[in-house]
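**Q** model the following, please.
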Amino acid sequence: MNSPHAINIGPREQRKRRIMGFAALAAGVLLAFALIALYAPRWSRIILFFPIWIAALGLFQAREKT
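**A** Now for the predicted structure:
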């Protein structure tokens, strides 16, 4: 079945986005562990949104080839 969207990145760009996604995911996980280990206030964990969001964008774009 054909995809409803156009493929606009090649394998090289897919690889770059996948690497960026995994790197951002690792950064988010490490940051989460650091915040928990340092007993940071719960409200400070909102900063986890940014690396997790960037990870999701990179991984989804690599998967969908867009």
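**Q** can we go C-alpha only for contacts and neighbour counts from here?
**A** OK.
**Q** run through the helices of the chain in chain order.
**A** 11-37, 49-64 (DSSP state H).
**Q** contacting residues for residue 7?
**A** 64-66 (Cα atoms under 8 Å, 6 or more residues apart in numbering).
**Q** how about the most centrally placed residue in the chain: what's its closest non-neighbour residue?
**A** Nearest to the geometric centre of the chain sits residue 55, at 0.2 Å (Cα atoms, centre = their mean). Distance criterion Cα to Cα, 6 or more residues apart in numbering; nearest residue to residue 55, sequence neighbours excluded, is residue 21 at 3.9 Å.
**Q** low pLDDT regions in this protein?
**A** Along the chain, the model assigns pLDDT under 70 to residues 1-5.
**Q** show me what contacts residue 51?
**A** Counting by Cα under 8 Å, 6+ apart, residue 51 touches 24-25, 27-28.
**Q** want to throw the residues you listed into CSV with distance to residue 7?
**A** What follows is the contacts of residue 51, written out as CSV (distance: Cα to Cα, whole Å):
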residue, distance to residue 7
24, 24
25, 24
27, 29
28, 29
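**Q** which one of those residues is nearest residue 35?
**A** When these are ranked by distance to residue 35 (Cα to Cα), residue 28 comes first, at 10.4 Å.
**Q** check the contact between that closest one and residue 48; I expect there is one.
**A** Yes: at 5.9 Å, residue 28 and residue 48 qualify as touching, with contact defined as Cα atoms under 8 Å.
**Q** so what's the residue count around residue 14?
**A** 21 (other Cα atoms under 10 Å).
**Q** can you give me the buried ones in stretch 51-66?
**A** By neighbour count on 16 or more other Cα atoms under 10 Å, the buried set for stretch 51-66 is 51-52, 54-62, 65.
**Q** try stretch 26-33
**A** 27-28, 31-32.
**Q** quick one: buried residues of stretch 8-22?
**A** Buried, per 16+ other Cα under 10 Å, within stretch 8-22: 14-15, 17-22.
**Q** residue 22 versus residue 65, what's the distance?
**A** Applying Cα to Cα, to the nearest Å, the value for residue 65 to residue 22 is 16 Å.
**Q** and for residue 39?
**A** Taking Cα to Cα, one finds residue 39 at 26 Å from residue 22.
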